[in-house]
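Give me a 3D structure for the following:
(6 chains)
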Number of protein chains: 6
Amino acid sequence: MFLHRKETIMPVKVGTPDARFGQYLLEQFGGATGELTAALQYWVQSFHVTNAAIRDMLQDIALEEFSHLEMVGQLIVQHTAKLDQTPVYDAPLFQMKGVGPHLVDSQGSAWTAAYVQEGGNVVRDLRCNIAAEAGARQTYEALINRCDDEGTRKVLVHLLTREITHANMFMKALDSMGKLDNPMFGAVQPDDTVNIVFNLSQGDDHRGPWNEGTMFDGQKINYVENPEPRGGLPPAPVNNDDEAPSIVPVK
Amino acid sequence: MFLHRKETIMPVKVGTPDARFGQYLLEQFGGATGELTAALQYWVQSFHVTNAAIRDMLQDIALEEFSHLEMVGQLIVQHTAKLDQTPVYDAPLFQMKGVGPHLVDSQGSAWTAAYVQEGGNVVRDLRCNIAAEAGARQTYEALINRCDDEGTRKVLVHLLTREITHANMFMKALDSMGKLDNPMFGAVQPDDTVNIVFNLSQGDDHRGPWNEGTMFDGQKINYVENPEPRGGLPPAPVNNDDEAPSIVPVK
Amino acid sequence: MFLHRKETIMPVKVGTPDARFGQYLLEQFGGATGELTAALQYWVQSFHVTNAAIRDMLQDIALEEFSHLEMVGQLIVQHTAKLDQTPVYDAPLFQMKGVGPHLVDSQGSAWTAAYVQEGGNVVRDLRCNIAAEAGARQTYEALINRCDDEGTRKVLVHLLTREITHANMFMKALDSMGKLDNPMFGAVQPDDTVNIVFNLSQGDDHRGPWNEGTMFDGQKINYVENPEPRGGLPPAPVNNDDEAPSIVPVK
Amino acid sequence: MFLHRKETIMPVKVGTPDARFGQYLLEQFGGATGELTAALQYWVQSFHVTNAAIRDMLQDIALEEFSHLEMVGQLIVQHTAKLDQTPVYDAPLFQMKGVGPHLVDSQGSAWTAAYVQEGGNVVRDLRCNIAAEAGARQTYEALINRCDDEGTRKVLVHLLTREITHANMFMKALDSMGKLDNPMFGAVQPDDTVNIVFNLSQGDDHRGPWNEGTMFDGQKINYVENPEPRGGLPPAPVNNDDEAPSIVPVK
Amino acid sequence: MFLHRKETIMPVKVGTPDARFGQYLLEQFGGATGELTAALQYWVQSFHVTNAAIRDMLQDIALEEFSHLEMVGQLIVQHTAKLDQTPVYDAPLFQMKGVGPHLVDSQGSAWTAAYVQEGGNVVRDLRCNIAAEAGARQTYEALINRCDDEGTRKVLVHLLTREITHANMFMKALDSMGKLDNPMFGAVQPDDTVNIVFNLSQGDDHRGPWNEGTMFDGQKINYVENPEPRGGLPPAPVNNDDEAPSIVPVK
Amino acid sequence: MFLHRKETIMPVKVGTPDARFGQYLLEQFGGATGELTAALQYWVQSFHVTNAAIRDMLQDIALEEFSHLEMVGQLIVQHTAKLDQTPVYDAPLFQMKGVGPHLVDSQGSAWTAAYVQEGGNVVRDLRCNIAAEAGARQTYEALINRCDDEGTRKVLVHLLTREITHANMFMKALDSMGKLDNPMFGAVQPDDTVNIVFNLSQGDDHRGPWNEGTMFDGQKINYVENPEPRGGLPPAPVNNDDEAPSIVPVK
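Okay, the predicted model is just below:
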């Protein structure tokens, strides 16, 4: 069961409203890297994760992300408070949809669950969460770099900070399963090509720990400088061109 | 410049065509966790990554993923080769769109670039790639578990294997920057809440290395069992209700 | 600030798991008429509504809808608990994405914020909410009619019931503003065509209180049986065809 | 069968073309609250509504909305007539896609049928239509407030007017079924929680006719100030984590 | 101005309702190749085409496509007339959304204006229309091949027939401009690579009139069997990695 | 198998970076008419086309389009190289997502496979490709007309040129099958309405080779100036309104 308190975690006080900056802020309300993506991703994962402790962690963080969505929304409400004094061709999204946050990104694209990555395995879920935190942190840095309102910046730095905290938590959880520095997981054993690295983009080639030396499990990496196909010519597709006989229904 | 050889990396030979299984395979052709997502994600990242060695790695792997897309497509071509002998209400997607692969997932949803995560920072990019590999691996395991054609299964195990190889490469690259077990990156310093963990979902609470002990940088974690809002009541939104005065254009 | 209690509002106990029915249930988890649509619609509205009492009502109901999302998710978790015993071509969505709920509808389409209707005016918002409740109620009835598990049905009837309660609340709020049986709202006065009704689809024509008698404000309805255009021939578009001169950049 | 007359219902005469304002106008051509949404929503509903009189009403109004789509399109054609004299970074959508209307909103997002609400029950349909009219009216008001061309404004006021007329018609139809001030419809009886109202968002709480007094059917509202979950701890999900045994295909 | 007559162009009489086939029919109601795509594509084009005769043709055909949408909708209404006798796990889309057509394709994906191709030039528009007609014809053939109801088949053959008629019309219009067998159009002159053909996919190479002999304008085709890049190594991207200095706002 | 050379086909050298023009260029990277659409459309078609020579042609051109995608990406990288000196409210997409290309169009809408047209028949595929080339050419002309950087313009003219080359190839292939000036293809014979043309949009009517004279096969066109419906009144839909009895599950 969800509950709500009509106060934010931290004070949200915008100094100088700027509806144009409010439009940028939508990126973290209804955008790919925004708080809604994080909140729903962790929340949905919590339904299928068997381990009760990790489920608890996912729900704790999901709830904080919903609370962060609220804080970003409050920033946007305040930044659009003087929309009637904003030149008519600025902040077009708010001019059309009204003041306050909407579930779109800074370019006006509607939020889609295609942003959410989850399902099937807790290791997969946690790796997706570390990625989600990195994306959110990155957008907050972009916003902070373009922000000159002190009150807004303070909130944005807090929100960026919490993404680091959450990344730490997801990394610790992965580490406790031995999956932080181990690419393997799941029930299927890889075949004997697992230590091969192909040089398929040629010119200005480079070597580094990812294509020389050993893998995390100690296997020697086998670097193939000039890969050749070994699949032969694939079979021709069945005829479904102009001259093809009609398909007769099989019921 | 891209080149193509009309052979696959490994042989692709389906034993018994099954258009219904072909529809499942679409998940890795035009689905969220599929080869197109991986190929385009790494390829697009390669344009903005400054480090030439990592850019080379991203392009090598992107090219392999394009080649994997081709292999999944070949599986689907062969699995739909007897569509005219498939009962009319099975494999509805191919019944309507024709044999061979299409850029949709197993449920018929069109591929969207909303699946792709990239931009702004190489650490963010690499974390997203580890997540993408985990998602792809997970779907391959789901397919393998539901597959009883030996030829198909051999290809799927190879494709799953390569996702592990790629995950190893991305992890090695992150590790070489000191970012595999370090949640911090970027230019903004976190504020003083970075070591706080909130217990916002209550009941059946658990503790683990993510909410007790220390963070990766050694800071002591501060667990708040009963968090209270500290933001006060947010300001009321501006009036934009029924009684609101009309906005006068400011040009 | 959001909080969560790890219990549902009402007990959720599925008798006989059926992954195929679980797929139907997704319609109310990640579908157009589902609980996520309702929760986010009311929540987002609460940011821009000036009236504190209606804002409170919107937040109370939004929180309940989040809690209902949780209940639908719990139904799906339980209905997919025996997925490993489900024939491989049934419940294809869970076969690919894993057990538990996902943010898609019963056809596998990702949830999109295009489902959400809000913005600009509280009367508009409340009318959208009455529509949202009607859609949710309708889908619950469809699910109940197709459900033969008693435990599931009990939860679905409760969820349907609450949509009626919420519809009652939104209607009461509209009524308190005099907008339940009054089509007018906002600051723009209609022109003199407001009482005209056009018969544009002809054949098998019918009359009813919507095209005869009076409007809610008492104006006599003017029914036009054979409407004629009064706009003349619209001006030709500017030339942008093959022969058009190139546009020269104006900077 | 559809027919068309090459004249608009009312004259459409733009005084001073402004491609930037043309981009705003797209909101009502290819946007969520636009004429296409209304036309298609009512048209699609007309296929499943049994009552011939209401079906006739839905088709009459749908046809008018198609005719309004034409008028909005004519406004946009005229507003983009001087695109070659528009500074190159203004009206970017037309700069790329050419003059005249396109099926996108003012932010360039493609129209999607996810905007359309219909299906299953005529009461549900009519409630959705009242919501659609309210959304359309709201956007017209936003456009009128930002418009300083008299010819354009006259057309916009007419289009806003007609939304009020249509809202009146839909309300009259609902009223004739006794459903305008009655939240109940459909065949399922609610359970005994129908008169309970939960205070789930706490702080700055308010009471109003929606959470005190009686419901429309006279039942006393039961306001629960401090709701407690009554669902117990939900059952743990089935194991589908890392350690889970593989699923064996059941055919 | 649009008008409607409550009769279809041709009789629509389904013999044996089959809700599962009704779901297939959605492909031509709300699918990519369906009547809505055609109707809206030609209609939107008609706004920007300068030539009055071609504009008239586009509008005549658009109106017929709207009338065809109506006929497909009537087929679906009749095929879903016995949904209450359809096994509960068949035709899941109608089970959830109700009888009659909906604006989705046979897989349940919502119609999107991304299907529509138009803008900028009448030659481009007409070429897109020939493509649209080919797609529609193809899906009608797929439906006819899977249909065993005589009444339905008769309507489908008529609809397929009309796509051929329309294709003929669009081809005739292009031909009257000299653009049917001429790839050139528009105001920009091509550079001197226009007659080069690259062999970029190698192995099992073939020659045909597209890569040997002459182009339509008589130029000799220059076939490059082993293309080499001539672009040199592209410049490194600007530094936007981890170590990059923060961007300072430039206002 | 795909290979890559780290050089572009032609040199890509931007003179004066302009991030705002970079945003326009996204239209051909991640937009509807862009290189990704072309590359993937031809590539996917190549899987189901039976004719080996045409399959080879499709793959050759697909590979070139991937290489063009790379060139457009290089243009965007260079145009965003001075983003830190771009005023903060210009080029908002790059301000939020970082420098370099992204898989969105110039308005920020994510690329979707709904843009891709393919399937079922090689004639249909080739007609779609001619349309795709026309759309790409049109957008390149729009970009060239708005471009004042000589280096950029040179690349854009090359890319436009190649679309003409490809259109020539697709037309030659169609011509070799006798389908360039013949609307017929496929296995279904049209009915006897194939030579009828309806005047459904009335007023300012025009005649031309598409609605007078003969069709390509010599049949006389039958122009119907005042079409009448011949379908009678369609049957009423089944009752699914408020009063409808519940559907009982049929399993």
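
Could you check the pLDDT of residue A:116?
With respect to pLDDT, residue A:116 scores 98.

what's near enough to touch it?
Listed by CB atoms under 8 Å, 6 or more residues apart in numbering or on different chains, the contact set of residue A:116 reads A:37, A:40, A:41, A:44, C:103. From N, CA and C alone the C-beta is placed, and that goes for glycine too.

where's the spatially closest residue to the last one that is not a sequence neighbour relative to residue A:139, distance?
Same thing as residue C:103. Among residues not flanking residue C:103 along the chain, residue A:113 sits closest, at 3.5 Å (CB to CB, 6 or more residues apart in numbering or on different chains). Relative to residue A:139, residue A:113 is positioned 19 Å away (CB to CB, to the nearest Å).

And the two? Which one has more around it.
A direct count of neighbours by other CB atoms under 10 Å in any protein chain shown for residue A:113 and residue A:139 places residue A:139 higher, at 29 against 24.

tell me the SS of the more buried one?
helix (DSSP: H, G, I helix; E, B strand; the rest coil).

who's in contact with it?
Neighbouring residues of residue A:139 by CB under 8 Å, 6+ apart: A:27, A:28, A:31, A:33, A:34, B:120, F:96.

Let's see if you can find the most crowded of those.
Most neighbours among the contacts of residue A:139, by other CB under 10 Å: residue A:28, with 32 neighbours.

Which pLDDT does the model give that one?
Here the pLDDT value assigned to residue A:28 is 98.

again, but for the one 3 residues further on
Residue-level confidence at residue A:31 comes out at 98, pLDDT.

low pLDDT regions in the stretch 101-250 of chain A?
By pLDDT under 70, the low-scoring segments of the stretch 101-250 of chain A are A:239-250.

what about the helices in it?
Here the stretch 101-250 of chain A has its helices, by DSSP state H, counting those that start in this stretch, at A:122-145, A:150-176.

ranking those by burial, who's on top?
Neighbour counts (mean count of other CB atoms under 10 Å in any protein chain shown) averaged over each of the helices of the stretch 101-250 of chain A peak at helix A:122-145, with a mean of 26.

Please look at residue A:113 and residue C:108 and confirm they touch.
No - applying CB atoms under 8 Å, one finds residue A:113 not in contact with residue C:108, separated by 10.9 Å.

still on that earlier bit, can you pick out the most distant pair from the contacts of residue A:139?
Maximum pairwise distance in the contacts of residue A:139, criterion CB to CB, is 14.4 Å, between A:34 and B:120.

Quick check: the residue of chain A at minimum distance from chain F vs chain D, distance?
Nearest to chain F, among the residues of chain A, is residue A:107, at 2.5 Å (CB to the nearest CB). Separation of residue A:107 from chain D (CB to the nearest CB, to the nearest Å): 6 Å.

Now the residue most central in space within chain A. Nearest residue, chain neighbours left out?
Centroid-nearest residue in chain A, with CA atoms, centre = their mean: residue A:132, separated by 3.2 Å. Sequence neighbours aside, residue A:38 is the residue nearest to residue A:132 in space, at 5.4 Å (criterion: CB to CB, 6+ apart).

ok, back up a step: show me what contacts the residue of chain A closest to chain F?
Residue A:107 neighbours (CB under 8 Å, 6+ apart): D:107, D:108, F:92, F:93, F:104, F:107, F:108, F:109.

Out of the residues you listed, which is nearest to residue D:190?
Among these, and counting by CB to CB, the member closest to residue D:190 is residue D:107, at 40.4 Å.

Wondering if stretch A:214-221 reaches chain B at all.
Yes - using CB under 8 Å from any CB of the partner chain, stretch A:214-221 reaches chain B at A:215, A:216.
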